[in-house]
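>>> 3D, please:
(chains A and B)
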Amino acid sequence: MTVRRGFSLIEVMVALGIIGVMLVAVGVLLSRLPVDSREVRDQDLALTIARSELETLRAGGYEALPISGPFTHALLSELTGASASVAIADFDTETKQVDVSVSWQGAGAVPRSVSLTTLMTQTGGL
Amino acid sequence: MKRGFSLIETIAVIGVTVMALIALTNLFLIFNTTYGYQQAVVATAGSAGAAMNALGAAVLPADRVLASRDFSGTAYASATTTLVLELPAADSSGNMLPGAYDYIVFYLSDGTLYRLIEAAPGSVRVSNTKQLSSAIGSLAFTYDDSDFARITKVSADLTTRAFYKQQAVRSHLTGQWYLRNLQISL
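Residues are numbered from 1 along each chain as shown, chains lettered A, B, ... in the order given. Now for the predicted structure:
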């Protein structure tokens, strides 16, 4: 006896469900792409700002190190809700530790920050 | 006994198929848009970052900014969109080559930023021309002294631009570097 059956309703529903889940997954992945690339861009900008500030502080030298506090940079306005600060602490009697950090709001107003640290001695140039 | 499909079955199957096709087409269109836009983002942000990295890597080890120099027949003069640098040459073991210098020029041509290296014989650097970014919107080098012989700091302000379906994507970066091998007495 050769009875040819098609798919049962259950089989079709399961198959459609699986395909649906895959479509949703790909959709979610796609919607994340621009967000992620924005995050990468922001992080790159923040690093550029921090590096630039460190370069300025290094060029000024040990004697010209400012007291801890906020600093400004032309690129800060390209980040959402950004602020930047520098923290100077004594590492030892002839060396200071310089921390430069940049904070901003990432996607979904999640706070993000990057910071760079260096040591500067009383003697020696850049 | 072989039956065909009933009308209802056929309509249901066509309906489901059409919906699946619409969803797939939509997904494809969204993917296409996202991909195109991301390409533009990468072209701007990526090449701006790469150009800045290349600039930093050349300015930091330089010992001076040259007012102008002849690179195998073509003269380049440092200005707002051109930067000519002289760098002490070193061999592959890291030993300095006394009196030998590598020369690097960054220049803008038709909205494209190039880096041209002319390395001294035996230098670890390789003579070549590299395209850093083809999406330059604006570029401005500024120097801390109008006398090229007294320059200690080079700043760059760079904007890259790309378009995707009339939508502009732009990226703006600035950088400043002090010449670490500065030899002049100020």
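
>>> make it CA atoms for all contacts and neighbour counts henceforth
Noted.

>>> and chain A, which residues reach chain B?
By Cα under 8 Å from any Cα of the partner chain, the residues of chain A that approach chain B are A:3, A:23, A:27, A:30, A:33-34, A:37, A:41, A:44-45, A:48, A:52, A:55, A:59, A:75, A:126.

>>> okay, the spatially closest residue to B:Ala119 that is not a sequence neighbour: pLDDT?
Spatially, and ignoring its direct neighbours in sequence, B:Ala119 is nearest to B:Asp102 (4.4 Å; Cα to Cα, 6 or more residues apart in numbering or on different chains). Here, the pLDDT recorded for B:Asp102 equals 95.

>>> Provide the secondary structure category for B:Asp102.
Secondary structure assignment for B:Asp102 (DSSP: H, G, I helix; E, B strand; the rest coil): strand.

>>> burial measure for it, as a count.
If you count neighbours by other Cα atoms under 10 Å in any protein chain shown, B:Asp102 ends up with 21.

>>> which residues does the spatially most central residue of chain A contact?
For chain A, the residue nearest the mean C-alpha position is A:Gln43 (3.5 Å; Cα atoms, centre = their mean). Contact partners of A:Gln43, counting by Cα atoms under 8 Å, 6 or more residues apart in numbering or on different chains, are A:113-114.

>>> in what helix or strand does it lie?
Taking DSSP states H and E as the criterion, A:Gln43 maps to helix A:9-60.

>>> so what's B:Asp70 bridging to?
Counting by DSSP bridges, B:Asp70 is bridged to B:Ala75.

>>> then B:Tyr114?
Using DSSP bridges, the bridge partners assigned to B:Tyr114 are B:Tyr107, B:Gln131.

>>> give me the buried positions along stretch B:88-105.
B:88-90, B:100-105 (16 or more other Cα atoms under 10 Å in any protein chain shown).

>>> for the residue nearest to the spatial centre of chain B, helix, strand, or coil?
By Cα atoms, centre = their mean, chain B has its centre lying nearest to B:Ser47, at 3.0 Å. Assigned by three-state DSSP, the conformation of B:Ser47 is helix.

>>> nearest residue to it other than its sequence neighbours?
B:Ser47's closest residue in space is B:Ser133 (Cα to Cα, 6+ apart), at 5.1 Å.

>>> so the nearest residue to A:Ser68 once chain neighbours are set aside is in which element?
Nearest-residue entry for A:Ser68: A:Ala87, 4.3 Å, with adjacent residues in sequence omitted and distances by Cα to Cα, 6+ apart. Under the criterion of DSSP H and E, A:Ala87 resides in strand A:83-92.
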